[in-house]
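Engineer: I would like the atomic coordinates for the input below:
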Amino acid sequence: MGSVASRWLVPAVVVITGAAVAAGMVGRTVYSRPAEAKGAPAVPSSSVAGPLPGSAEVRLSPDSFTHPDRTSVQTVLQKYFDSINDRDFSAWRAVVSARRGSATGEAAWVSSYETTRDGGVVVQRIESDVVARRLRVLISFVSTQEVSKAPVALPETCIRWRVVYVMVWEDGELKVDEAPENRNPQMSRC
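Structural biologist: Numbers count the residues shown, from 1 in each chain. I've put the predicted structure just below:
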């Protein structure tokens, strides 16, 4: 009886090992970064090369490039920052949540952003909050603006920002929401 069990032990180990390797290869294929994300991951630095504020393209850090919602986040944030740079309130309203859009009037929004230019945008990290069905997105970017339009806490023409944007799903689309996390940005002079 002992010889029959030992005779099947080696083939059983080979089959189990083969199944584990196959499962690992399938998992690697499923979770590897797909081609739909734009560009290569950005260098995880917040430095901006060239004239400030830098490129208008929203880029992903190596850390955020691995998140499954990275493409949606990148697309929404690209539209968000393009709407600010183009002074397009309607485009901005299309990418923010109903709560955030209803709390902001067009005249106040235009006045706030009339001299703003944003660039060097890098999505540093994306964290999923599965229970609340939202994402917390850490972003760094540079803004230039007239001093009179700069934040009261830092009246400068060029500011480096690190901010958390909360994003939520509304009607199947990802939107930039209003949340307490958005209200405490870190900023420094360029």
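
Engineer: domain assignment for this structure?
Structural biologist: What automatic domain parsing lists as the domains of the chain is 1-32, 59-189.

Engineer: how far away is residue 129 from residue 145?
Structural biologist: According to C-beta to C-beta, to the nearest Å, residue 129 stands 32 Å off from residue 145. For every residue, glycine as well, the C-beta is placed using N, CA and C.

Engineer: over to residue 188?
Structural biologist: Counting by C-beta to C-beta, the gap from residue 188 to residue 145 is 15 Å.

Engineer: the two: which is more packed in?
Structural biologist: Neighbour count, other C-beta atoms under 10 Å: between residue 188 and residue 145, residue 145 has more, with 20 against 12.

Engineer: contacting residues for the more buried one?
Structural biologist: When contacts are counted by C-beta atoms under 8 Å, 6 or more residues apart in numbering, residue 145 touches 115, 116, 117, 157, 159.

Engineer: distance of it relative to residue 100?
Structural biologist: 21 Å.

Engineer: now the one helix or strand residue 159 maps to: mean pLDDT?
Structural biologist: Assigned by DSSP states H and E, residue 159 belongs to strand 158-170. Mean pLDDT, computed over strand 158-170, is 95.

Engineer: what's the answer for stretch 51-70, then?
Structural biologist: 91.

Engineer: and the strands in this protein, which stretches?
Structural biologist: 59-60, 117-129, 134-144, 158-170, 173-176, 186-189 (DSSP state E).

Engineer: partners of the shortest one, with directions?
Structural biologist: Under the criterion DSSP bridges, strand 59-60 sits next to strand 117-129 (parallel) in its sheet.

Engineer: likewise the third one?
Structural biologist: Each strand that pairs with strand 134-144, with its direction, by DSSP bridges: strand 117-129 (antiparallel), strand 158-170 (antiparallel).

Engineer: quick one: neighbours of the closest residue to residue 146 other than its chain neighbours, just the number.
Structural biologist: Nearest non-adjacent residue to residue 146, counting by C-beta to C-beta, 6 or more residues apart in numbering: residue 115, 4.3 Å away. Residue 115 has 16 neighbours, counted by other C-beta under 10 Å.

Engineer: ramachandran coordinates for residue 115?
Structural biologist: Torsion angles at residue 115 (phi, psi; degrees, to the nearest 10) stand at phi -120, psi 10.

Engineer: from residue 81, how far off is it?
Structural biologist: In terms of C-beta to C-beta, residue 115 sits 15 Å off from residue 81.

Engineer: kindly report the same for residue 136.
Structural biologist: Distance from residue 136 to residue 81, by C-beta to C-beta: 18 Å.

Engineer: among the two, which residue is more densely surrounded?
Structural biologist: residue 81 (23 against 17).
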